[in-house]
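S.K.: coordinates only, no sequence provided:
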């Protein structure tokens, strides 16, 4: 029975860690290190925006990762995720200690003491499951709140930049619909600057 509880607990902890990893990825900001561990190339020099252009595009992922508001949101999600992981690991340590105590001392424990310890193990296991669900919900709620806050700042920034440049269309390069575009039409840096100047 304790082996089954250990497996269930392990699955719950793995699920929670994957949820937190996904939470961090949703808002995560890319760093200056590539997947290979090498320093990423510095951003290319900004090309002048064509004065007669009426269309432009943005990279929303870049805006989220490089703007002050996006970085702050990512930090909040990461802090909450780490806090919840620490809390669960502490509770998990209590569960493992109780399981180990039962395995090592079951031959010398009275039936009543064994039953009491098994009930404590079940209680801890249920508590970990509840804590996992609560943590997932709390992280998801924070993500949703931060995404709405970011969007409420992003839309006016896009509107201001579009009005200043006389644009009629702005495309999102990250949605898969944009195959190629002239790099001088990328106004992501302008949006980032506007966001940082108008927190």
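M.R.: Good, I have the coordinates. Because the structure is predicted, anything quoted here is derived from the model rather than measured. Residues are numbered from 1 along each chain as shown.

S.K.: grab the longest helix from this structure for me.
M.R.: Of all segments of type helix in the chain, defined using DSSP state H, the longest is helix 111-165.

S.K.: what packs against it?
M.R.: Applying 3 or more C-beta pairs under 8 Å, 6 or more residues apart in numbering; DSSP states H and E, we find helix 111-165 packed against helix 2-27, strand 55-58, helix 60-66, helix 68-105, helix 188-197. From N, CA and C alone the C-beta is placed, and that goes for glycine too.

S.K.: weakest of the ones you listed in terms of mean pLDDT?
M.R.: When the helices and strands packed on helix 111-165 are compared by mean pLDDT, helix 2-27 comes last with a mean of 45.

S.K.: count of neighbours near residue 83?
M.R.: Burial of residue 83 is recorded as 13 neighbouring residues (other C-beta atoms under 10 Å).

S.K.: mind listing what it touches?
M.R.: Shown in contact with residue 83 (C-beta atoms under 8 Å, 6 or more residues apart in numbering): no residues.

S.K.: just checking, residue 154 touches residue 191?
M.R.: Yes. At 7.4 Å, residue 154 counts as touching residue 191 under the criterion of C-beta atoms under 8 Å.

S.K.: any residues in contact with both of these two?
M.R.: By the contact definition C-beta under 8 Å, 6+ apart, residue 154 and residue 191 are jointly contacted by residue 63.

S.K.: before we move on, back to that, what's the angle from the longest helix of the chain to helix 188-197?
M.R.: Between the direction of helix 111-165 and that of helix 188-197, the angle (axes from the mean of the first three to the mean of the last three C-alpha atoms, to 10 degrees) works out to 110 degrees.
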